[in-house]
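Asks: Pasting the sequence and the predicted model now:
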Amino acid sequence: MASNKKYWTSVVELKDSSIVEKLSKSEFQEEIPVDEFLGDKDSLEKSATTRRDFLKYVGFTTAAASLAACEGPVIKTIPYVIKPDNVIPGVADYYASVIADGYDFANVLVKVRDGRPIKIQPNKDVKKHNTTNARVLASVLSLYDNNRLRHPLENGKQTDFKSLDAKVVAKLNEINANGGKIIILTGTLASPSAEKVIADFKAKYPTTEHVVYDAVSESAALDAFEQTYGERALPNYDFSKTEVVVSVGADFQADWQGGGFANDFAKTRVPKNGKMSKHIQFESNLSLTGANADKRYALKPSEQKFALINLYNAVTGANLPSKKTPQDAAIKKAAQALKAANGNAVVVTGIQDKNAQLLALAINSYLQSNVIDVVNTKNIRQGNDAKVAQLLKDMKAGKVDAIITHQVNPVYTLGKDFTDGLKKTKLSVAFALANDETAKNAQFVQTVPHALESWGDVSIEKGQYSLMQPTINKLFTSRQFEEALLSWSGNNVKYYDYIKANSTNYLNGKSFNKALEVGAVSVPVENADVKINEINLSEAASSLAKTKSGKIELAVYTKVGLGDGKQANNPWLQELPDPITRTSWDNYLLLSRADAESLGLKNWTVDNGALNGNLANVTVDGVTLKDVPVYIQPGQANGTVGIALGYGRTEGMQKEMMVGVNAYPFANKTGHEVKIEKVGGEHKFACVQLQHTMMGRDEITNETSLSAFINKPKEEWNPAPKFSLEHKEVSIDEADLWEKFDDTIGHRFNLSIDLATCTGCAACVIACHAENNVPVVGKREIRVSRDMHWLRIDRYYTSDMTEEKGKEEGIFGSGEYFNAQIQPQDQPEVSFQPVMCQHCNHAPCESVCPVAATSHGRQGQNQMAYNRCVGTRYCANNCPYRVRRFNWFKYAKNSEFNFNMNNDLGRMVLNPDVVVRSRGVMEKCSMCIQMTQATILEAKKENRQVNVGEFETACVNACTTGAMKFGDVNNPKEEVTHLQKDDRTFKLLEFIGTKPNVLYQLKIRNDKA
Amino acid sequence: MSHYEAPIRKPLILGNKTYHDVSVDISKPIFGKANKLWWFAFTVALLAFLWGVGAIVYTIGTGIGVWGLNNKINWAWDITNFVWWVGIGHAGTLISAVLLLFRQKWRMGINRSAEAMTIFAVFQAGLFPLIHMGRIWNGYWVMPIPNQFGSLWTNFNSPLLWDVFAISTYLSVSVVFWWTGLLPDFAMIRDRATKPFHKKIYSLVSFGWSGKAKDWQRFEEVSLVLAGLATPLVLSVHTIVSFDFATSVIPGWHSTVYPPYFVAGAVFSGFAMVQTLLIIMRKVSGLEDYITRDHIENMNKVILVTGGIVAIAYLSEFFVGWYSGSSYEDFTYLSIGAATGPYWWAFWALILCNSVFPQLLWIKKFRRSFVFSFFMSIIINIGMWFERFDIIVINLSRGHLPSTWTQFSPTYVDIAIYIGTIGFFFVLFLLYARTFPVVAQAEIKSIMKSSGDRYKGKKH
């Protein structure tokens, strides 16, 4: 029913509606004085520009000027014409794949956002080889390397595959017709299909020989295994069964024999029922593995060989010829421990000498070791030093007519011998990602796609088959090695089809698509009887015992950052501080303190806190490396020097990344005598940790011995801080200044780090880099402590000077005492401690920010609102953990910081879920809030609770040993909830009262004999 | 005369001046022309200032990274200079307010310049918290003003916010107090001015002062009220500045002795700066009769007392740190670790300049020597700069976790900005010396006849 009520909006309207009516009709209450305004009408009309025109001009120009000034940044977005079903903008897809670059092999998950792979994660759905080291994680950035070649080259000039194919095939046919030799030189492929492709190629060109070359060779171990077990492969190890491991120069928790053992070994490092593994290490450089050992003994490379014979003698009671070493007593004890372990013991060695490897195999065989696995052997190192040496000879003699290189950079790693030989070939084709040293010297450069753009299959170990699939369309004109070879053999099949067809040979009837989805399949291996060939050990031993000891011996090694140097143009890896030296952007000559003193070589700290060092010329067997910086390394065996491979690349690289010296001329010279000559000048290191000892501060990182852990109450080896309140001893909760709010509702996150299993491998640092768009700042900035890593791994050495000793000597508290305390021991014990934002519940940073840019989240995070930050940096000063990172400059799109964030290609790796921080704001670990929120939202969408273990951060996901755990402590089923109450749990600097949400479990060293 | 005159009371103003003499003396620099020395000093100061401006522009345009700071030492010269300048800005208010309440009439010869120095120093101080911000263009967010961010408010727990209030309050009260005192003097200049330009300016700045009895009565009342307001500020400003450190958890900063110790240190350094300036000024501006040996001695006594307080604070800091037995205290700025560590030179600069050399002032001959007092004031200024440098840099360079220990070294930009603020300070002070009545002549005139009989009428 229509209402006939009259509504009034004001009293005036009710009383006298005429006023309102009048008002509503005329907008302007008074006459507008138009005449007055326009003035003299006549003269106005006479002027060329009328007032109205003038106003128009003014209005238009003002509008035009302001529009011009308002031009926003143009960001081009191109929508899909037909959207692929599986691509939802803003939602990540994960593809199972495998990384296999000849040095690193791992099953991975590739995170793809809007068609761009942005992160590599370990593929935990696969049971084996599912840990990823720093290089594997960083390889996603190598995909977007701005120095990648965009197209194939012929004699340095751009060409296309059609013309390249025509010329190469013509030459191959010519060589083939003349019976000339064709060499395919590759790294370890470990790929059944690629090997078949090469076999096909051989069928077409019968004079072809396939030579496998590992720049960092395990040839000796392969030879020894072949001699003993009749198969050229690497033995496998199941370190989870270890009770005792004796390592003679094997960095088995890092990259020894391709790595990947740390996870299994970690399972034995936390005492269960009073038992844990015992790890004894004999080595010359302080390796990651040595740093984590229960007992570490420094030996020269030559002495390591004698040590292995002595160990064999002590274990078996044999009397093979040998020499004495300074650690014979320790060797005897190690032998007893090995024998007492009932087969749950293993000896590993990294000595590149067949005889040494034979001895190690013999000891393991004698011990009937359950740890070593000689059936499911590994394929990830196949290089043959003898064949490579023969190749070099042949090339020198001009016997090689064509050479095709793939996944190797022999001009860089083999040097002049190879380069000279290359000139004598009639055809040289380099398969390369970038115009590297070898590509520069080859006639043809065949650009290859990155692993993330490729198809492939890899068999990391016998019976394990992983499939590689592209996660992005090829960025540049490139073609896979296998596809090119197929095409040259006259087979125009797609490599994908080829693999699919070939896979029936090994998939054992399983579905290819299913395998592709999961990433890998495991097929049973025939358990044939293991035959052990008779080995003349006394001959091996006597040949080993003949090794001459040098005054100073060389020990070549690889770093967890650069490895063999394939990814030297990857700024994440360059910027990654070495876990031991904590120095980035360099390799250097490692020297012991005593040797450095006798040679007059020094490291010193300059005014801005940065580390400088002397330079030296290093000569081995007549080959000299000039101007090598010297780094004094505690733990380095006296009479040895170490140098890392993988640095000193000069081609296909960005200038900023051309750092270090190329140590490949020394690659096979471990144990050789070194001459060191001090030269003038000094080197500027980029070292992020300048103080190496803990200065008697027990509340930082903690460790205990196994016997104390078993026999003594927790209060003795992991005491909780005590406070005095009203003259009574109280716990930290009772001494709390603040009222507690109810934090049991909703999620509350804790991160837990087990220092017993953390090896310091730094995979977490790279994962954090990738997930959180952490900028690379370059050597100059790292050098002055402006590293931006949200997560760092502190490394501490023990010092000779302790409080007790200081008091005994009567110098406690004096300058002399402190100066002694600052010095690490010559053979220190080492501890690692990953430190990121501790997400304190009583955060010192939060209370001091004047604009409340950092504040506490309900879920326990200490949050950082970048766009609120004005950059007073007070929070960073007041952080006892020093985990806050300031954007001193603009790090993105700034030519001063010419790394991946300064080019369009490199920026493709950025995670769209995390903002790139601007200049002048503080940043720090966010506990990957973008990941936890995504998990919560997903559960919400699916109308369910978040599953136990579903919450993750990038570092936890990447942790190779599972030392890091993350979860919701309000959920009693989560592992971290239990870890909170673990006896080994402590918090960093707990006595300050910051109440961190990050927990640590203390390290336990096995002190049992 | 209503007040009692002790027969032995020494004259506060020498030279047996008449009222007219005083007016002439004070207005001379304003109506006269600047000498070459002034121009030379002004040019140097201006160049330094411009250099500093250039460095500041470069910093804001490029990033704080052009300074020598790093992720472990996030403050260094910036906040050192801030605290140093604030400290210098302490003497003025103390002289004009506290000494007014205590009826110390000798203050009248120096209070004007001391206060000018205060205000100019606080300008410099205020500059550093601004430019040390990573995003200065958002600096207004530290003000609790209504904003477009909804309910987003400042963090009232933050000592930096307290600083904002403390410094701005101090600056505004100081300026008002100073200007109030200037009114009768500006009026005197106005009345003596012959050029219309002078007349116009000074009548503007003297706010229509007429010299009526009511004017004087109000003047006295306002002065007293402002003195009462300013006195607690003398204590509060540096107390709050010290909270920047004292409320933190960093070893060497986290210390309850900071507020009184900082106030004493501020007065100590402020008086030293007054000495530096006035010893030059009395010569250059011909104020020997107004700023006398007695003034210098009195100020030296204040320096001795506050220096003593500071020394005791150092001792207690050193002792308590050591006595705690905590290894985290081994390397604080007052510790054996600092004395023998990489910053040993900064540690000893602090001890020698602030606590050892000033002890010479116990000797009367030194205390009354212009030359010695000048050099001592320079030493104390240096020492007090090092005190702040040590507190900030040494403590931050030796934090809780030894893995984060590092060092700091300034870049040329750090140095340029510091020199720039000194230049800016002197630009302001030199302009002041030429345009302002540098002695509170109206007040001086009230004490000209307060000396004892035996000093009256005697020529020197």
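Replies: Everything's here; your move. For clarity, every value in this text was computed on a predicted model and none was experimentally measured.

Asks: which residues does the residue of chain A found nearest chain B contact?
Replies: Closest to chain B within chain A is residue A:871: 2.0 Å, counting by Cβ to the nearest Cβ. The way it works is simple: take the backbone N, C-alpha and C, and place the C-beta from them, glycine included. Residue A:871 makes contact with A:886-887, A:920-922, B:64, B:133-135 under the criterion Cβ atoms under 8 Å, 6 or more residues apart in numbering or on different chains.

Asks: Farthest pair within the residues you listed?
Replies: Greatest spacing in these, by Cβ to Cβ: A:887 and B:133 (12.5 Å).

Asks: Those two - which one has more neighbours?
Replies: Legend: neighbour count by other Cβ atoms under 10 Å in any protein chain shown for residue A:887 and residue B:133, higher for residue A:887 (27 against 24).

Asks: Between the two ends of stretch A:198-213, how far is it?
Replies: One end of stretch A:198-213 to the other measures 15 Å (Cα to Cα, to the nearest Å).

Asks: got the buried residues for that stretch?
Replies: Across stretch A:198-213, burial judged by 16 or more other Cβ atoms under 10 Å in any protein chain shown covers A:198, A:200-202, A:204-205, A:207-213.

Asks: ditto for stretch A:374-391
Replies: Neighbour-count burial for stretch A:374-391, counted by 16+ other Cβ under 10 Å, picks out A:374-385, A:387-388, A:391.

Asks: Alpha carbons only: can I get that stretch in PDB?
Replies: The C-alpha coordinates for stretch A:374-391 follow below in PDB (Å, rounded to 0.1, in the frame of the first residue of the first chain):
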ATOM      1  CA  VAL A 374      78.000 -53.100  -2.800                       C
ATOM      2  CA  VAL A 375      74.800 -54.200  -4.600                       C
ATOM      3  CA  ASN A 376      72.800 -51.000  -5.000                       C
ATOM      4  CA  THR A 377      75.800 -49.100  -6.300                       C
ATOM      5  CA  LYS A 378      75.700 -45.500  -7.300                       C
ATOM      6  CA  ASN A 379      76.100 -44.200 -10.800                       C
ATOM      7  CA  ILE A 380      76.700 -40.500 -10.100                       C
ATOM      8  CA  ARG A 381      80.500 -40.600 -10.600                       C
ATOM      9  CA  GLN A 382      81.700 -42.400 -13.700                       C
ATOM     10  CA  GLY A 383      84.700 -40.300 -14.700                       C
ATOM     11  CA  ASN A 384      87.800 -42.200 -15.700                       C
ATOM     12  CA  ASP A 385      91.100 -40.400 -15.100                       C
ATOM     13  CA  ALA A 386      93.100 -42.800 -17.200                       C
ATOM     14  CA  LYS A 387      90.900 -42.300 -20.200                       C
ATOM     15  CA  VAL A 388      90.900 -38.600 -19.800                       C
ATOM     16  CA  ALA A 389      94.700 -38.700 -19.600                       C
ATOM     17  CA  GLN A 390      94.800 -40.800 -22.800                       C
ATOM     18  CA  LEU A 391      92.400 -38.400 -24.500                       C
END
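
Asks: ok, and what's touching it?
Replies: Contact with stretch A:374-391 is made by A:100, A:105, A:183, A:185, A:187-190, A:211-214, A:217-222, A:225, A:229, A:231-236, A:257-258, A:400, A:414, A:459-463, A:525, A:527-528, A:530, A:668, as judged by Cβ under 8 Å, 6+ apart.

Asks: Among these, which ones are in strands?
Replies: Among these, the members found in strands (DSSP state E) are A:100, A:105, A:183, A:185, A:211-212, A:234-236, A:400.

Asks: Provide the secondary structure category for residue A:752.
Replies: With DSSP: H, G, I helix; E, B strand; the rest coil as the basis, residue A:752 sits in strand.

Asks: Which strand residues bridge it?
Replies: Taking DSSP bridges as the rule, residue A:752 bridges to residue A:965, residue A:999.

Asks: so it touches residue A:1001, yeah?
Replies: Yes: if you go by Cβ atoms under 8 Å, residue A:752 and residue A:1001 touch, sitting 6.9 Å apart.

Asks: between those two, what contacts are shared?
Replies: Listed as contacting both residue A:752 and residue A:1001 by Cβ under 8 Å, 6+ apart are A:979, A:985.

Asks: Now for the closest residue to chain A within the stretch 1-150 of chain B: which residues touch it?
Replies: Proximity to chain A, evaluated over the stretch 1-150 of chain B using Cβ to the nearest Cβ, is greatest for residue B:134 at 2.0 Å. Residue B:134 makes contacts with A:869-873, A:886-887, A:919-922, B:63-64, as judged by Cβ under 8 Å, 6+ apart.

Asks: again, 10 Å this time
Replies: A:869-873, A:886-888, A:918-922, B:63-65 (Cβ atoms under 10 Å, 6 or more residues apart in numbering or on different chains).

Asks: where along the stretch 101-250 of chain A do the strands fall?
Replies: Remark: strands assigned in the stretch 101-250 of chain A by DSSP state E, counting those that start in this stretch are A:105-113, A:116-122, A:153-154, A:157-158, A:181-186, A:208-212, A:234-237, A:244-248.

Asks: so how many other residues sit close to residue 155?
Replies: You didn't pick a chain, so chain A it is. Residues lying near residue A:155 (other Cβ under 10 Å) number 9.

Asks: ah, no, chain B please
Replies: Close neighbours of residue B:155, defined as other Cβ under 10 Å, add up to 19.

Asks: From residue B:323, how far out is residue A:267?
Replies: Residue A:267 sits 48 Å away from residue B:323, going by Cβ to Cβ, to the nearest Å.

Asks: Those two: which is more packed in?
Replies: With neighbours defined as other Cβ under 10 Å, residue A:267 and residue B:323 compare such that residue A:267 has more, 17 against 10.

Asks: Mind pulling up the pLDDT for the more buried one?
Replies: At residue A:267, the pLDDT value in this model is 93.

Asks: Leaving out the residues flanking it, which one is nearest to it?
Replies: Once flanking residues are discounted, residue A:267 sits nearest to residue A:240: 4.5 Å by Cβ to Cβ, 6 or more residues apart in numbering or on different chains.

Asks: picking up where we left off before, in three-state terms, label the residue of chain A closest to chain B for me.
Replies: Once three-state DSSP is applied, residue A:871 turns out coil.

Asks: mind checking how far the residue nearest the centre of chain A is from residue A:144?
Replies: Centroid-nearest residue in chain A, with Cα atoms, centre = their mean: residue A:134, separated by 1.4 Å. Distance, residue A:134 to residue A:144, by Cβ to Cβ: 17 Å.

Asks: Repeat that for residue A:938.
Replies: Counting by Cβ to Cβ, the gap from residue A:938 to residue A:144 is 28 Å.

Asks: If you count surrounding residues, which of the two has more?
Replies: With neighbours defined as other Cβ under 10 Å, residue A:938 and residue A:144 compare such that residue A:144 has more, 24 against 13.

Asks: mind listing what that one touches?
Replies: Neighbour list for residue A:144: A:116-118, A:450, A:452, A:472, A:475, A:570, A:900, A:903-910 [criterion: Cβ under 10 Å, 6+ apart].

Asks: And residue A:322, by the same measure?
Replies: Each residue near residue A:322 by Cβ under 10 Å, 6+ apart is listed here: A:305-313, A:328, A:541-542, A:544-545.

Asks: can you pick the most crowded of the residues you listed?
Replies: Within the contacts of residue A:322, neighbour counts (other Cβ under 10 Å) peak at residue A:308, which reaches 32 neighbours.
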